[in-house]
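> Got a sequence here, can you model it:
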Amino acid sequence: MNNNFNIAGSSSNEWAVQARGLVKTFGDNRAVDGVDLNVRAGSIYGVLGPNGAGKTTTIRMLATLLRQDAGEARIFGHDVVKESHIVRQLIGVTGQYASVDESLSATENLIIFSRLLGLGRAEARRKAADLLEEFGLSEAAKRPLKNFSGGMRRRLDLAASLIAQPPLIFLDEPTTGLDPRTRSQMWDTIRRLVDTGSTVLLTTQYLDEADQLADRIAVIDRGQVVAEGTVDELKASVGTSSLHLRLQHEKDIADARAIVEQVLQVRSNVTAEAGTITAPMADADQVTDLLIAFRNQEIRLAEISVQKPTLDEVFLTITGNSSSGAIENTNAIHNTELTNVREEARV
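Alright, predicted model coming up:
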């Protein structure tokens, strides 16, 4: 993978994240092996990869939570090592595991985080109330988190990362374990964040999530970026689209197959379902030629479609791994000391 850019000479307004040659080794394990990333400001950037690919380790380096062994990275033009104090003011991080305290209420948790970030007591309470309303948690504001569902905890964790209204938000597996309805709500929240000026870099095990949300995607495998681009670019990189057609009358199968092979100049297949033909199709405009040929031969179709490769096929082709095993097992990113402000947050 070759991303041609000069970190030092690029505009900090154009790029939220720039990384080149990031390396991190744990003992004999080279977890991240020369990762390059360019994340444009105001976009949603997805990072996909199988278990142990290095996704979370990469985010931890970008978020100043782990120092790289080699390479360099900048957040809005600021070096993550030399200017880590500035970078931390520009980012929010939500890890795979909720960092909230389950013995406290939602309000108390958000007040604690606000106070740790330097907000006064009154301002912290106002911020907590505003975020709880934004994330649909106002009715549960005083309920202990041990009674929250997994989806409610994830929403509260994301709310906590937004207290300082950071321009860049790292989301590590933000919807893991959520039901479809709550996942959809989280997607809407992520879109709103970008609509209001934030940039989002997320890792995900759900390919449909990347397909729905990400403007660009990086596929990481064995610590390296093995593919990068828009969803359409990645799909196009693994092969052509495919034609699927079903006939009204099985007796026409031989003639229809001959037409398909003549027009598309490819070999076709008859699937197990009677009267169904599939074939690779490089140019979707050829559908018109097929329809004319079928009409001239008085062959009637019950259904016709052209399907692009799925993102799952892209993932499998590039990494050799099924997407179902793509969760990266990591420990919680960090623990925050809460003792000094716990009591004053209680309501």
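> So what pairs up with Thr203 in the strands?
For Thr203, the beta-bridge assignment (DSSP bridges) gives partners Val47, Asp172.
> List phi and psi for Ser138.
With angles defined as degrees, to the nearest 10, Ser138 sits at phi -60, psi -40.
> doesn't Leu132 make contact with it?
Yes: A contact is recorded between Ser138 and Leu132 when judged using C-beta atoms under 8 Å, the distance being 4.9 Å. Every C-beta, even on glycine, is put in place using the N, C-alpha and C of the backbone.
> count of neighbours near Ala70?
12 (other C-beta atoms under 10 Å).
> Would you enumerate the residues in contact with the closest residue to Leu158 other than its chain neighbours?
Distances taken as C-beta to C-beta, 6 or more residues apart in numbering put Thr94 closest to Leu158, at 5.2 Å, once the chain neighbours are dropped. Neighbouring residues of Thr94 by C-beta atoms under 8 Å, 6 or more residues apart in numbering: 157-158, 160-161, 169-172, 174.
> returning to that earlier point: same drill for Ser138 and Leu132, tell me which one is more crowded.
Under the criterion of other C-beta under 10 Å, the comparison of Ser138 against Leu132 puts Leu132 first, with 20 against 15.
> pLDDT score for that one?
We note a pLDDT of 94 for Leu132 in this prediction.
> what about it, is that helix, strand or coil?
At Leu132 the chain is in helix, as set by DSSP: H, G, I helix; E, B strand; the rest coil.
> doesn't Glu108 make contact with it?
No: under the contact definition of C-beta under 8 Å, Leu132 does not touch Glu108, with a separation of 11.3 Å.
> OK, contacts around Asp221?
By C-beta under 8 Å, 6+ apart, the contact list for Asp221 reads 49-50, 53, 318-319, 321.
> do Arg300 as well
With C-beta under 8 Å, 6+ apart as the criterion, the residues that contact Arg300 are 247-249, 252, 294.
> try 10 Å
With contact set as C-beta atoms under 10 Å, 6 or more residues apart in numbering, Arg300 has these partners: 247-249, 252, 256, 294.
> ok, back up a step: find residues that contact each of Leu132 and Glu108.
Between them, Leu132 and Glu108 share the neighbouring residues Ala141, with contact defined by C-beta under 10 Å, 6+ apart.
> give me the number of residues near Glu250?
The burial count assigned to Glu250 is 11, neighbours taken as other C-beta under 10 Å.
> With adjacent residues omitted, what lies nearest to it?
Using C-beta to C-beta, 6+ apart and skipping the chain neighbours, the partner closest in space to Glu250 is Gly275 (4.6 Å).
> Isn't that neighbour up against His249?
Yes: with contact defined as C-beta atoms under 10 Å, Gly275 counts as touching His249 (7.3 Å).
> So which of these two has more stuff around it?
Taking neighbours as other C-beta under 10 Å, Gly275 and His249 compare with Gly275 leading, 19 against 11.
> For that one, give me its contacts.
Taking C-beta under 10 Å, 6+ apart as the contact definition, Gly275 lies against 245-253, 256, 301-303.
> if we go to 8 Å?
246-250, 253, 302.
> Save these as CSV, and put in secondary structure and distance to Gln18 too.
What follows is those, written out as CSV (DSSP: H, G, I helix; E, B strand; the rest coil; distance: C-beta to C-beta, whole Å):
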residue, secondary structure, distance to Gln18
Arg246, strand, 49
Leu247, strand, 54
Gln248, coil, 56
His249, coil, 59
Glu250, helix, 58
Ile253, helix, 55
Ala302, strand, 52
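> If any of the residues you listed are buried, put those into a ChimeraX selection.
Written as a ChimeraX command, the selection of buried residues from the contacts of Gly275, which uses 16 or more other C-beta atoms under 10 Å, is:
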select :246,247,253
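> Can you add distance to Ser114 and pLDDT and give the contacts of Gly275 back as CSV?
As requested, the contacts of Gly275 are arranged in CSV below (distance: C-beta to C-beta, whole Å; pLDDT from 0 to 100):
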residue, distance to Ser114, pLDDT
Arg246, 59, 91
Leu247, 65, 93
Gln248, 65, 92
His249, 69, 90
Glu250, 69, 88
Ile253, 68, 92
Ala302, 61, 92
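> ok, the contacts of Gly275 vs Gly34, which is closest?
Compare each of the contacts of Gly275 with Gly34 using C-beta to C-beta and the shortest gap goes to Arg246, at 47.6 Å.
> my read: the closest one touches Ser305, true?
No: in this structure, Arg246 is not within contact of Ser305 by C-beta under 8 Å, at 9.2 Å.
> Number of residues surrounding Thr203?
Around Thr203 there are 28 other residues, counting by other C-beta under 10 Å.
> Provide a list of residues in contact with it.
If you count contacts by C-beta under 8 Å, 6+ apart, Thr203 has them with 46-49, 55-56, 59, 171-173, 328.
> From these, pick the one nearest Ala73.
Distance to Ala73, by C-beta to C-beta, is smallest for Ile59 among the contacts of Thr203, at 10.9 Å.
> Surely the closest one and Phe170 touch.
Yes: contact between Ile59 and Phe170 holds when scored by C-beta under 8 Å: they sit 5.1 Å apart.
> if I pick the most centrally placed residue in the chain, what's in contact with it?
The centroid of the chain falls nearest to Gly46 when counting by C-alpha atoms, centre = their mean (3.4 Å). Counting by C-beta under 8 Å, 6+ apart, Gly46 makes contact with 202-204, 209-210, 213-214, 216-218.
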